[in-house]
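Asks: turn this into a model:
(chains A and B, ligands or ions: 1)
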Amino acid sequence: MIDALFNWFDERLGISGSGRKMLNKIFPDHWSFLIGEIALYSFIVLLGTGVFLTLYFVPSSKEVIYEGSYAPLRGQPVSEAFASTLNLSFAVRGGLLMRQMHHWSANIFVGSIVVHMLRIFFTGAFRKPRELNWIVGSTLLILAIFNGFLGYSLPDDLVSGTGIRISFSIVESIPLIGSYAAFFLFGGNFPGNAIIPRFFILHVLVLPAVIVGLLSAHLGMLVRQKHTQFPGRGNTPRNVVGAPLWPTFVAKTTGFMFLTVAVTGVLSAFFQINPVWLYGPYVPYKVSYAVQPDWYMGWLDGALRIMPSWEIVGFGHMIPNVFFPAILLPGITFGVLQMWPFIEARLTHDHAEHQILDRPRDRPKRTAFGAAVFSFYFVLFGASATDVLANYLSISLNVVLTSFRFLAIAVPLIVFPVTYRICKEMQSVPTAGKRKRANVVLRSAEGGYSTVRAEERPGDAVPRVDPLPLDEDLQFVPVMAGVLAGGDVLAEETQPESPAEVDSDRPRSGIFRIPRNYR
Amino acid sequence: MATKTAWAATITASSSMPDEPDATAASSGPDDPSRRVRIPVISVRADAPQFQIAAKNPRRAELVASSGFVLAAASFAGFGAAYWQNYSNFWLAVTFSVGFAGLGYGMVVWGKYLMPRGPFSESRHSLVPTSAQREVFVQDFASRGKVAVERRGFLVKTLGLASGILGVVLAFPLLRSLGPLPGKTLRQTAWRRGSYLVDVTGRKIKTGDLEVGGFTTVFPETDIGGAYSQTMLIRVDPPPASGYLTPPPQFAKQRATWAPQGYIAFSKVCTHAGCPVGLYQELTKKMLCPCHQSLFDVTDAAIPIFGPAPRPLPQLPLYIDDEGYFRAQDGYDEPVGPGYWERGND
Ligand code: FES
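Replies: I've put the predicted structure just below:
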């Protein structure tokens, strides 16, 4: 039955040929390669939970009187968007779970993209021939951040509404076209009635479609160019070493997807996120204390805060203060980010193809630069909590703000040489980063001390062996089957005709083909 | 019966030539002996370490993995029950995630311990085409282009004309219709000469409505709750002897009568990024914007003394009419809120 079904498709789509190659696609076995998978799977969680939310969310800023089950707000005028958010959180079964998972996985999505990119950056995986994929990937980061912002703005609560207000001012600050851009985006002056439905359609249709497209391009390029890999036994620029797609990688990665879902679910069970009913509905003249955006916008918020109060005025025009931290800074950030492969190639004069990854310590300059830049954004991120810090440490806001202005410049300047030094030190230690077997110090009854090697741990026990080339034509027919079956079925098959000659037209079958006598 | 020794037998794995079949082979039928290729024999020992599964005790690993699946089955059933019984979010989330955790755990154990340990490798071929390949492609592309496009200059031009016009007219629905032009809206608020100061419920504010040190948000009657006309009315302590709060020297002439009986009103739209400047510290007489902590000195024409705000908050000129109601002498004399390109220095 399955055979027949498969044949039906195969005869029409010709799956077997290229499919065979796909089965053998090798995925390197390094933990750092999992981070990108987290991003992919949290995106899937986002799509799934997001579809659920659209069934109940009403993207409208029409004012209604809230009559739902959340007592403290009953009788208050709120927007339909806000009311439906409360409704799907409280009245729809499983709605709160879906909403919290959606928000959590958005945070995980952006976070894992960032960490994934750090991995790519510090190991030099963006170098030729993968510059294009770096650009696609960094575009995905931008879209993810942007879509996250759109998404948490939709409930029309007091905190996100304030964020929308600020974003209006940011768009407005663009020289020349700013006020037009803002009016066109918001359908008029702030707040207007258009922004919630517009953000909604961008959030659920336009940006996800672009993300799906770019994601496919990202993965397509990955398959075409194959994975990079760390230097190691048997790893060369001419091969990829790891586990084959079928069945090992499929098993592990499916498991990993489920675990991603599980972690998102656990977070949603134990940690409340974005309780909009506590913030209340957005009202333009109200504002709550300690207004903070989601973490991935934190660096922007921090930059807005520590920017000195300058503004350029002249010739009847103005370049407003917010332009510098909120348009120029992200512009430069993402511009440099996207162009980085070319900038680095220009600086190092390295235009060769690279399939083997760098260890960060072997590229001290790049590592130090990356760490310094990252520390700068980290300080900005910290600066988005100036008021909270001032309160918490009971020092004046003035002191906190001034120190952050200072830190934003000082920290990167310190991080650069320190990282550089650490890389150099690590280079000179030959065993750095390798797993060492522990020693145990024993004290004898007489009081003497002696040192013995500790028991082997699982990781020590597995000796690294050379990779076995799985090239498309190698058939491990009986071997694998025998192994999987528990080792009893090999007798006949292992006495082969010593076939020096095989019809090349014979359909090739998988490496795990089950021998005739094992069915 | 196969014994353990059978495992060690060298078996053969066959391989057809990796290169594409050459032209002559492709033209001949499948039974053509010329299509029979000598296969290099790669010997792989069945006991090669790459084929061994990682688990020392496969039965146990199987048990562990399946316990994950059993746990998942139980949890998902629990999820169904919790959903049916309308339990709290917590129980839904816990059963849901424990189920997925069990599934994931089982799958990972399965993949990690019960499948060949590897490593395996595949070879990587350069994607860079040979210069001959490239040349053929470019040649082909160019020559076809010559025939089909370059000789049809008129077609190209008319096609260009049509797409150009399409591009221009598309800008209307795609851009222009999205919203009105800013016009004067950013320069003006709803405050006019004589506007009453009303609170959010629409009640007109009178002298004595505020305690000393008190403050409230006021609007013109025509725009209650308005995002741009929101204004902070503050009663500053102590009330001045002259009847009017004295403005700082640079505004001495202009604003001398703007703040009667210790009442002063500033736009509540932050000049930084437009948040409502909603906090007032009575002790220091400062207004604080909670968004990025800009601090405005109420006694000094709301000049920002701290934070990123670049300009003072515009002041609303007040008077008290014969019935004791607060009214605006006029609208704001400058645009309220954050800056924008056309704003210049007014
Ligand atoms: S909006 Fe007021 S300080 Fe930024």
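Asks: for A:Asn439, what are phi and psi?
Replies: Phi and psi for A:Asn439, reported as degrees, to the nearest 10, are phi -110, psi 150.
Asks: what sits against it?
Replies: Each residue near A:Asn439 by CB atoms under 8 Å, 6 or more residues apart in numbering or on different chains is listed here: A:451-454. In short, each C-beta sits where N, CA and C put it, glycine included.
Asks: same deal with B:Gly118?
Replies: B:Gly118 sits next to A:29, A:242-244, A:248, A:467-468, B:50 when contact means CB under 8 Å, 6+ apart.
Asks: ok, B:Ser131 to the ligand distance?
Replies: In this view, B:Ser131 and the ligand are 59 Å apart by CB to the nearest ligand atom, to the nearest Å.
Asks: show the pLDDT at that residue.
Replies: Per-residue confidence (pLDDT) for B:Ser131: 92.
Asks: quick revisit: and which of the contacts of B:Gly118 is nearest to the ligand?
Replies: Nearest to the ligand among these is A:Asp29, at 48.6 Å by CB to the nearest ligand atom.
Asks: quick check: phi and psi on A:Tyr449?
Replies: phi -110, psi 140.
Asks: meant to ask about A:Asn239, not that
Replies: Backbone geometry at A:Asn239, expressed as degrees, to the nearest 10, gives phi -140, psi 170.
Asks: thought it was touching A:Pro467?
Replies: Yes - using CB atoms under 8 Å as the test, A:Asn239 is close enough to A:Pro467 to be in contact (7.2 Å).
Asks: common neighbours of the two, please.
Replies: Contacts common to A:Asn239 and A:Pro467, judged by CB under 8 Å, 6+ apart, are B:Ser121.
Asks: all strands of chain B, in order?
Replies: Under the criterion DSSP state E, chain B contains strands at B:10-13, B:37-38, B:42-45, B:120-123, B:215-218, B:231-235, B:263-267, B:279-281, B:286-288, B:295-297, B:303-306, B:315-316, B:318-320, B:326-328.
Asks: and chain A, by the same measure?
Replies: Counting by DSSP E, the strands of chain A are A:26-27, A:63-65, A:77-79, A:239-244, A:312-314, A:317-319, A:439-443, A:449-453, A:468-469, A:501-502.
Asks: how about the first one and chain B, any contact?
Replies: This points to strand A:26-27. Yes - residues of strand A:26-27 contacting chain B under CB under 8 Å from any CB of the partner chain: A:Ile26.
Asks: check which helices and strands that strand is in contact with.
Replies: For strand A:26-27, the packing partners by 3 or more CB pairs under 8 Å, 6 or more residues apart in numbering or on different chains; DSSP states H and E come out as strand A:239-244, strand B:120-123.
Asks: buried stuff in stretch B:325-337?
Replies: B:325-328, B:331-332, B:335-337 (16 or more other CB atoms under 10 Å in any protein chain shown).
Asks: in chain A, where is pLDDT below threshold?
Replies: A:289-290, A:431-436, A:455-464, A:471-519 (pLDDT under 70).
Asks: max-length helix in it?
Replies: The longest helix of chain A (DSSP state H) is helix A:397-428.
Asks: how far off centre is that one?
Replies: Relative to its chain's centre, helix A:397-428 lies at 25 Å (CA atoms, centre = their mean, to the nearest Å).
Asks: domain map for chain B?
Replies: B:33-177, B:189-346 (automatic domain parsing).
Asks: which of those domains sits most buried?
Replies: domain B:189-346 (a mean of 19; mean count of other CB atoms under 10 Å in any protein chain shown).
Asks: which residue packs closest to B:Ala93, ignoring adjacent ones?
Replies: A:Ala269 (3.3 Å; CB to CB, 6 or more residues apart in numbering or on different chains).
Asks: ah, wrong one, I meant A:Ala194
Replies: According to CB to CB, 6+ apart, the nearest residue to A:Ala194 is A:Gly187 (3.0 Å).
Asks: what does B:Gly78 give?
Replies: That would be B:Thr95: by CB to CB, 6+ apart, it lies 4.0 Å from B:Gly78.
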